[in-house]
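**Student:** Sharing a model prediction with you, sequence too.
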Amino acid sequence: MNALSPPGVHWDPYDQKYFANPYPAFARLREQAPLYYNEQYDFYAVSRYEDVERGLLDRDTFISGKGGILEMIKQNVPIPPGVFIFEDPPLHTMHRSLLTRVFTPKKMNALEPQIRAFCAKALDPLVAGGRFNFIDDLGAEMPLRVIGMLLGIPDEDLKNAQARVNENLRTEAGQASDYTDHSFIDEGYEEYIDWRAKNPSDDLMTELLKAEFVDETGTNRKLTREEILIFINIIAGAGNETTNRLIGWTGKVLAEHPAQRRQIYENRGLIPQAIEELLRVEPPGPVVGRYVAKDTEFHGQKIPAGSAILFLVGAANRDPRKFTDSETFDIHRRRVPHLTFGYGFHSCLGNALARIEGRIALDELLNRFPEWDVDLDNAHLSSTSTVRGWETLPAYTPKAGKATSVTATATAEEAAAAGAEKWKIVLKTPMGPQEMVMSITRDGDGFTGRIESPMGSENVNAGKIDGETLSWTMEVTKPAKIKLSFEVKLDGDTMTGHAKLGMFGKSSLTGQRI
């Protein structure tokens, strides 16, 4: 231990205990180690508002060209031209300027009718039942449709891309991600670019195809196909990710503060400041990484050139030196700028869109559900080191009540009557453990059945029995339309095995007969 990491002060960006609630650790860092050094992963971190603000503004010392994610910086991942969020001048200035003309507050505000229509389509079918999911039903739907509208890409293709983006962001608990073979280009968009080049329209993809600019060599040219692909990947990923997380935290935080929610319901003029306060207390991206290009200092301690440094936005947003009663959620707080969307040259290009989407989502939610509570027993946080938010967040109105959990008693009588056997299965996915109940009926060397989970109910397909080994497939539509393959070995009343989750890899599972 040294002055940069005093006893009792520790923060690990990959440790799930910090991910679930980083704020006590952030508070210790701010007060006891304002410049922190983590020896295990070899990075520095600053947590006070003025230090984070300084770092985000100083683009000469703290550069973006090595990436904004700790693993990318440490693994020295090559950043291709066009990844403007990880660029420095002159490339950053050149590429960002092509998009600033599109993502203006005026143009984003003009999208309000379409955004409201997307919210209505998502929420209206759920009103009668009184139960809904902030992520599955709204957060993963509305922002995606808005981006699809801007780019001119169908929803179904964006959903598959979104699922791949989400999976790329996830980390195994306690482990850093491997970015050495990372590609910034998703293979799903090429055909749309080629088609749009021949069939121009009034969308962002057409604007990118037509845009002309002077590059770093002084040449007047258009974007290359690869540059356009990279732009679209960044916009499609980031454009959904921030608002998705914001909607989830809106549901969670306002459920914990029903009196303030009631005030917002009665006075919709409070919505903009409520969204700002939500962004302050629960930033979707709580950490920003930079590469240290030259020797520098914080609090009298030297950081050598070549180091990786993390700017802890989530800690800075709760710095009592900047915010009165900083740990308290207060929609009436005196307006002080938070750092959730960055600061300076690399401030979030899509912040105007995220804000208008967040405001409209809250307004439309309150129009249909003035009160709600969240079902934390069946909620899951995403497992990522870069963004923080909910993978799924079920909610219910007081009249509807909490949904019945997936348990052995749910359909015991029906299963017994049908001669079925039932298994309670826990699938260990990258998003956290997923609990399911499978009911099957054997027929010779095959079987049929159904699997129930908080995400819905699906048929068991192609069920086969080979001694004590069972195998089957199942098709799901969330988070993307994929086919899952299962294989398990039975040992009395227990089962062990694995599931192949398509693009999401392979996960182990255990089961108990019930």
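**Tutor:** Sure, I can see it. Numbers count the residues shown, from 1 in each chain.
**Student:** So which residues make contact with stretch 26-42?
**Tutor:** Under the contact criterion CB atoms under 8 Å, 6 or more residues apart in numbering, stretch 26-42 has outside partners 2, 4-6, 8-9, 11-14, 43-48, 51, 70, 74, 176, 298-299, 301, 303, 307-308, 312, 314-315, 318-319, 327. Every C-beta, even on glycine, is put in place using the N, C-alpha and C of the backbone.
**Student:** out of these, which are buried?
**Tutor:** Among the contacts of stretch 26-42, those buried by neighbour count (16 or more other CB atoms under 10 Å) are 4-5, 11, 13-14, 43-48, 51, 70, 74, 176, 298, 301, 303, 307-308, 312, 314-315, 318-319.
**Student:** picking that back up, among the contacts of stretch 26-42, which ones are in strands?
**Tutor:** F43, Y44, A45, V46, F298, Q301, I303, A308, L312 (DSSP state E).
**Student:** now, which of the residues you listed sits nearest D202?
**Tutor:** Of all those, D202 sits closest to L312, with 41.0 Å by CB to CB.
**Student:** Quickly note the distance from L208 to R225.
**Tutor:** According to CB to CB, to the nearest Å, L208 stands 10 Å off from R225.
**Student:** Name the residue in those two with the higher neighbour count.
**Tutor:** Ranked by neighbour count (other CB atoms under 10 Å), L208 and R225 place L208 first, with 22 against 14.
**Student:** With adjacent residues omitted, what lies nearest to that one?
**Tutor:** Excluding the flanking residues, the one nearest L208 by CB to CB, 6 or more residues apart in numbering is I228, at 5.1 Å.
**Student:** The host helix or strand of that neighbour - what's its average pLDDT?
**Tutor:** Counting by DSSP states H and E, the element that carries I228 is helix 225-256. On average, the pLDDT along helix 225-256 is 89.
**Student:** before we move on, what about stretch 113-133?
**Tutor:** 95.
**Student:** next one: stretch 296-306
**Tutor:** For stretch 296-306, the per-residue pLDDT averages 96.
**Student:** can you tell me the distance between the two ends of it?
**Tutor:** For stretch 296-306, the first-to-last residue distance is 11 Å (CA to CA, to the nearest Å).
**Student:** quick one: terminal-to-terminal distance for stretch 380-392?
**Tutor:** Termini of stretch 380-392 sit 5 Å apart (CA to CA).
**Student:** so D51 sits right up against F298, yeah?
**Tutor:** Yes: here D51 reaches F298: they are 5.8 Å apart, a contact under CB atoms under 8 Å.
**Student:** check contacts around the residue of the chain most remote from its centre.
**Tutor:** Residue farthest from the centre of the chain, counting by CA atoms, centre = their mean, is G444 at 44.7 Å. Applying CB under 8 Å, 6+ apart, we find G444 in contact with I465.
**Student:** For the stretch 351-500 of the chain, just list every one of the strands.
**Tutor:** In the stretch 351-500 of the chain, the strands defined using DSSP state E, counting those that start in this stretch lie at 373-374, 380-381, 390-392, 394-396, 421-429, 432-443, 446-453, 456-466, 469-476, 482-491, 494-500.
**Student:** Which of those sits closest to K66?
**Tutor:** strand 380-381 (28.2 Å).
**Student:** Strand partners (parallel or antiparallel) of that closest one?
**Tutor:** Strand 380-381 has its sheet partners listed here by DSSP bridges as strand 390-392 (antiparallel).
**Student:** What are the buried residues along the partner strand?
**Tutor:** Buried-residue list, strand 390-392, by 16+ other CB under 10 Å: W390, E391, T392.
**Student:** Mind checking the strands of the stretch 351-500 of the chain for the one nearest to N109?
**Tutor:** Per CB to CB, nearest to N109 of those: strand 390-392, 27.0 Å.
**Student:** What mean pLDDT does that closest one get?
**Tutor:** Throughout strand 390-392, pLDDT has a mean value of 91.
**Student:** Quick check: which ranges of the stretch 51-200 of the chain have low pLDDT?
**Tutor:** Counting by pLDDT under 70, the stretch 51-200 of the chain shows low-confidence ranges at 155-176, 180-188.
**Student:** any chance you could map the strands in it?
**Tutor:** 62-63, 131-133.
**Student:** Report all helices and strands that the first one contacts.
**Tutor:** Think strand 62-63. Counting contacts by 3 or more CB pairs under 8 Å, 6 or more residues apart in numbering; DSSP states H and E, strand 62-63 packs against strand 287-292.
**Student:** mind redoing it with 10 Å?
**Tutor:** Under the contact definition 3 or more CB pairs under 10 Å, 6 or more residues apart in numbering; DSSP states H and E, strand 62-63 sits against helix 49-57, strand 287-292.
**Student:** and the angle for the shortest one with helix 49-57?
**Tutor:** Orientation note: strand 287-292 sits at an angle of 60 degrees relative to helix 49-57 (axes from the mean of the first three to the mean of the last three CA atoms, to 10 degrees).
**Student:** who does strand 287-292 pair up with?
**Tutor:** strand 62-63 (antiparallel), strand 308-312 (antiparallel).
**Student:** re the thing from before, make a markdown table out of the strands of the stretch 51-200 of the chain and add distance to M438 and mean neighbour count.
**Tutor:** Listed next are these as a markdown table, based on distance: least, CB to CB, whole Å; neighbours: other CB atoms under 10 Å:
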| stretch | distance to M438 | mean neighbour count |
| --- | --- | --- |
| strand 62-63 | 51 | 22 |
| strand 131-133 | 22 | 22 |
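**Student:** Would you mind giving those strands as CSV with distance to T386 added?
**Tutor:** Output for those, formatted as CSV (distance: least, CB to CB, whole Å):
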stretch, distance to T386
strand 62-63, 17
strand 131-133, 23
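**Student:** what about S485, neighbour count?
**Tutor:** Applying other CB under 10 Å, I find that S485 has 16 neighbouring residues.
**Student:** Quick one: residues contacting P320.
**Tutor:** A27, R30, E31, R48, Y49, S326, E327 (CB atoms under 10 Å, 6 or more residues apart in numbering).
**Student:** before we move on, the earlier item: could you measure from the residue nearest to L208 over to R321?
**Tutor:** To R321, I228 is 44 Å away according to CB to CB.
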